[in-house]
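Colleague: Sharing a model prediction with you, sequence too.
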Amino acid sequence: MSLYNRAGIYFDYNAPIITPWARTAMDFSIPTREAAPANALGIFPNPSTGTITLLDDNTAQERLDVRIYNATGQLLMQRVLQPGERTLQLESLPKGLLSVRATGRRGTAAGWVIYE
């Protein structure tokens with residue numbers, strides 16, 4: 001879609017100076033799939049009823065320091081997952097929206113899970 005417009009510029013009480021036509025092109029395309037950020041952490045099932053599995057292809061063979069926070073930022077759980085271990089039990093945590101952060105050699109990935 002394009003918009004065409006021009007303007008009249010006024011200086012004091014003189015006649016306006018008319019600018020040439022300008023074209024503004026707009027693209028309103030809607031993406032069919034949003035790309036995940038590079039530091040996104042896959043968590044399933046979401047919502048969860050007690051056990052979650054972390055998905056991160058780049059860290060499957062390394063230790064992860066996993067921290068779980070509530071919606072106000074309070075640390076609820078900290079655990080080190082060994083290589084190949086990617087499940088966490090949430091039964092001891094309060095239900096609600098939880099932030100999960102996993103830190104490994106390649107950096108930190110984060111995601112959210114709803115614990116019902």
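Modeller: Now that the structure is in, tell me what you want to look at. Only a predicted model underlies this, so the values are computations on that prediction, with no experimental measurement involved.
Colleague: Please name every helix or strand in contact with the least confident helix or strand in the chain by mean pLDDT.
Modeller: Least confident helix or strand of the chain, by mean pLDDT, DSSP states H and E, is strand 42-44 with a mean of 85. On a contact count with 3 or more C-beta pairs under 8 Å, 6 or more residues apart in numbering; DSSP states H and E, strand 42-44 meets strand 51-55, strand 107-115. From N, CA and C alone the C-beta is placed, and that goes for glycine too.
Colleague: let's see 6 Å
Modeller: Packed against strand 42-44 by the contact rule (3 or more C-beta pairs under 6 Å, 6 or more residues apart in numbering; DSSP states H and E) you find strand 51-55.
Colleague: mind listing the strands for this protein?
Modeller: Assigned by DSSP state E, the strands in the chain fall at 2-5, 8-9, 17-18, 22-25, 42-44, 51-55, 64-69, 75-81, 87-89, 96-104, 107-115.
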